[in-house]
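1. got a structure for you, letters missing:
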């Protein structure tokens, strides 16, 4: 069962996504979470640094954006993944200081690092992604497994693909009609024309396009046929959502309910779940627990048995606890929006078949995640490596601040003289 709880307060929209009654994702447009991933800017190259094969571009944000040479050259795709050529020319062959560029943010700024950008633009729709600078490409999501449906969508894409842009067919396109498919392409072509007009009129640096607000993201990525109920505490917003859904997912439009009793996030326990997701320790139903520690380089997640003693053999006990932990880890990663390198320290098991079962379960749990996740497998030290594509800020960055006392270290120096430490 999938539910979406939407609240609108002080001109801010917040949406909570629940699966089987458990919170898995938070979308919001609060001032503390200005999302720019996917936004397109007209920027000016500030300087080019050949030593790191990158340029720094002023796009109007507080920090200059980082443009790596691999994000300047024309993209090559394998399926729906970008693949760099084996030989990459120097950054100086493509950009020069003072040059104006049209760029798109692919990774938002983190800490002291500016946003990462690319000159290879993409416009995501509900069923397709339009590639304005790659007119010959037609790709199809690997998550669509049915061969007959894959062939249908390939033929549909080849027939409807515009001459001036490439296409990637998204997972949500599975089962859609030709009319819906074409309407999605036409909407993206209109957006592309609007961007072209702004390029001519606007001077650098300036924002040309952004579709990262919660309402657009809900319509584009989250609401599908699996949604059983949408509850909103704003009648006008509910009617607007119904109107939009009749165009893209008509069956779900009838599943919208209005709840005007106030403080909807408290009544559905959303705020309490967010507070829990900001803590390092996560308790499992069995009595075990996780400890999640995020650093700038990677995130480490430790599995502990706690009070869990099981009821069968030791190996069965360890496997059951690890499987429960794997399910909760996948939920916490999505909810906290953890990305990059993630190291999982499960409780050690002796049998290879138990490890195989655990890895397969992890891969199955991550299939539900919209962000690309990859389970790299078990290391020689008995750790499981996972990577997840960065999409937006973490939950901690949006709902917490660095402690002024410990400067984010989580520990405060005692009164012992520092020279004696």
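-> Looks like it came in fine. What you see is a predicted model; the values in this text were computed from it and never measured. Residues are numbered from 1 along each chain as shown.
2. Show me the shaky parts of the protein.
-> Where the chain drops to pLDDT under 70, the residues are 10-11, 29-35, 75-87, 111, 212-214, 248, 309-312, 415-421.
3. in stretch 244-256, what's buried?
-> Going by neighbour count (16 or more other CB atoms under 10 Å), the buried part of stretch 244-256 is 244, 245, 248, 249, 252, 253, 255, 256. Yep, even glycine has a C-beta here, placed from its N, CA and C like the rest.
4. from the chain's centre, how far out does the helix or strand hosting residue 194 sit?
-> Assigned by DSSP states H and E, residue 194 belongs to helix 178-201. With CA atoms, centre = their mean, to the nearest Å as the basis, helix 178-201 stands 23 Å off its chain's centre.
5. Stretch 307-327 now?
-> Chain-centre distance of stretch 307-327: 31 Å, with CA atoms, centre = their mean.
6. Backbone torsions only: list them for the closest residue to residue 225 other than its chain neighbours.
-> Among residues not flanking residue 225 along the chain, residue 251 sits closest, at 6.4 Å (CB to CB, 6 or more residues apart in numbering). Note on residue 251: its backbone torsions stand at phi -70, psi -30 [degrees, to the nearest 10].
7. and what of residue 67?
-> Phi and psi for residue 67, reported as degrees, to the nearest 10, are phi -120, psi 110.
8. need the contact list for it.
-> The contact partners of residue 67, by CB atoms under 8 Å, 6 or more residues apart in numbering, come to 45, 54-57, 91, 95, 101, 103, 116-119.
9. so where do the helices sit in the stretch 101-250 of the chain?
-> Using DSSP state H, counting those that start in this stretch, the helices of the stretch 101-250 of the chain run over residues 147-160, 178-201, 214-217, 235-248, 250-253.
10. Please identify the most buried of those helices.
-> helix 214-217 (a mean of 18; mean count of other CB atoms under 10 Å).
11. could you say what helices and strands that helix packs with?
-> Counting contacts by 3 or more CB pairs under 8 Å, 6 or more residues apart in numbering; DSSP states H and E, helix 214-217 packs against strand 12-19, strand 22-28.
12. Swap in 10 Å and give it another go.
-> Under the contact criterion of 3 or more CB pairs under 10 Å, 6 or more residues apart in numbering; DSSP states H and E, helix 214-217 touches strand 2-9, strand 12-19, strand 22-28, helix 235-248.
13. quick one on the thing from earlier: pick out whichever of the buried residues of stretch 244-256 sits closest to residue 169.
-> Nearest to residue 169 out of the buried residues of stretch 244-256 is residue 248 (CB to CB; 15.8 Å).
14. Of all the helices and strands packed on helix 214-217, which one is nearest residue 197?
-> Nearest to residue 197, of all those, is helix 235-248, at 24.2 Å by CB to CB.
15. How far off centre is that closest one?
-> With CA atoms, centre = their mean as the basis, the mean position of helix 235-248 lies at 24 Å from the chain mean.
16. repeat for stretch 252-262
-> Here the centre of stretch 252-262 is set off from its chain's centre by 26 Å, with CA atoms, centre = their mean.
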